[in-house]
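Novice: Next one to model:
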Amino acid sequence: MLSPPTLLLVLDLVGTFVFALDGALTALRTARLDIVGVVTLATITALGGGIIRDLIIGAVPPATFSDWRYLAVATIGGLVAFALARRLEGLSLPISLLDAAGLSLFAVTGASKALDYGLGAGQAVILGALTAVGGGTLRDVLIRRIPAVLHSGLYAIPALIGAAITVAATRAGVYGLVAAVAAATVCFLVRLLGIVFNLNAPRPPRAGPSR
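Specialist: Model (predicted):
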């Protein structure tokens with residue numbers, strides 16, 4: 001059985017790799033960047049949310065800069081996506097699935113790390129969601145696209161759900177590999193429902209035609 005610190009590291013690195021793939025594929029499909037741009041966008045997508053979280057909770061320097069594995073994994077993810085670009089070109093489903101997977105893993109690890117630093121349950125849930133959506137938000141801003149978190153109702157909501165399950169399991173003293181996987185799976189499935197059925201949170205009604 002993995003210890004909590006080791007479990008957190010493993011999930012964090014897996015999430016980093018998945019989000020790096022997602023960021024790189026988005027760069028290739030949307031912005032047509034060169035290899036430097038692809039790897040840069042991959043690392044920003046993979047590491048942006050974690051850096052913001054670490055700065056907020058006072059975990060400085062952020063894990064990205066104190067542990068070489070994060071930058072290495074993010075860079076490898078970007079290069080892998082670049083190498084497979086021709087095979088994946090035009091396929092939106094792999095990008096959506098990778099984004100959902102990264103969202104799920106980072107919601108869990110973000111909430112867990114916030115709790116490790118002594119934050120309360122509510123704050124941990126918020127930081128879990130921030131970790132999950134932060135990198136993707138930075139990615140979308142850089143490629144001049146409205147961030148998904150602002151217009152897709154089932155983007156931030158699944159992250160909040162995954163983070164909340166993580167916090168509840170930790171508070172109940174049952175947090176471990178099974179609980180972490182369960183929290184990430186629920187987050188992933190909720191996000192997947194939003195993708196498949198094009199579900200969104202309620203929006204304000206549009207104004208009717210003026211008379």
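Novice: Mind listing what's buried along the helix ranked longest in the chain?
Specialist: Longest helix of the chain, by residue count under DSSP state H: helix 92-116. Buried residues in helix 92-116, counted by 16 or more other CB atoms under 10 Å: 94-115. C-beta coordinates here come from the backbone N, C-alpha and C atoms, glycine included.
Novice: what helices or strands is that helix leaning on?
Specialist: helix 4-26, helix 35-57, helix 121-142, helix 153-171, helix 177-197 (3 or more CB pairs under 8 Å, 6 or more residues apart in numbering; DSSP states H and E).
Novice: Please state the offset of the following helix or strand past the third one from the chain centre?
Specialist: Stepping forward along the backbone from helix 121-142, the first helix or strand reached (DSSP states H and E) is helix 148-151. Here the centre of helix 148-151 is set off from its chain's centre by 13 Å, with CA atoms, centre = their mean, to the nearest Å.
Novice: Residues contacting helix 148-151, please?
Specialist: 99, 133, 136-137, 140, 155-156, 200 (CB atoms under 8 Å, 6 or more residues apart in numbering).
Novice: pLDDT check: weakest of the residues you listed?
Specialist: Least confident of the contacts of helix 148-151 in the model: N200, at 74.
Novice: Tell me, how many residues neighbour that residue?
Specialist: The tally of other residues near N200 (other CB atoms under 10 Å) stands at 13.
Novice: Give me the distance between the helix or strand bottoming out on mean pLDDT in the chain and the centre of its chain.
Specialist: Here the helix or strand of the chain ranked lowest by mean pLDDT, DSSP states H and E is helix 85-88, holding a mean of 76. Between the centre of helix 85-88 and the centre of its chain there are 23 Å (CA atoms, centre = their mean).
Novice: repeat for stretch 96-111
Specialist: Between the centre of stretch 96-111 and the centre of its chain there are 4 Å (CA atoms, centre = their mean).
Novice: Using PDB, list the CA coordinates for that stretch.
Specialist: Output of stretch 96-111 as PDB, limited to C-alpha atoms (Å, rounded to 0.1, in the frame of the first residue of the first chain):
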ATOM      1  CA  SER A  96     -11.500  16.000 -24.200                       C
ATOM      2  CA  LEU A  97     -10.700  12.700 -22.500                       C
ATOM      3  CA  LEU A  98      -7.200  13.800 -21.500                       C
ATOM      4  CA  ASP A  99      -8.600  17.100 -20.200                       C
ATOM      5  CA  ALA A 100     -11.200  15.200 -18.100                       C
ATOM      6  CA  ALA A 101      -8.500  12.800 -16.700                       C
ATOM      7  CA  GLY A 102      -6.100  15.600 -15.800                       C
ATOM      8  CA  LEU A 103      -9.000  17.600 -14.200                       C
ATOM      9  CA  SER A 104      -9.900  14.600 -12.100                       C
ATOM     10  CA  LEU A 105      -6.400  13.800 -10.900                       C
ATOM     11  CA  PHE A 106      -5.500  17.400 -10.000                       C
ATOM     12  CA  ALA A 107      -8.800  17.900  -8.100                       C
ATOM     13  CA  VAL A 108      -7.700  15.100  -5.800                       C
ATOM     14  CA  THR A 109      -4.100  16.000  -5.400                       C
ATOM     15  CA  GLY A 110      -4.900  19.700  -5.000                       C
ATOM     16  CA  ALA A 111      -7.300  19.100  -2.200                       C
END
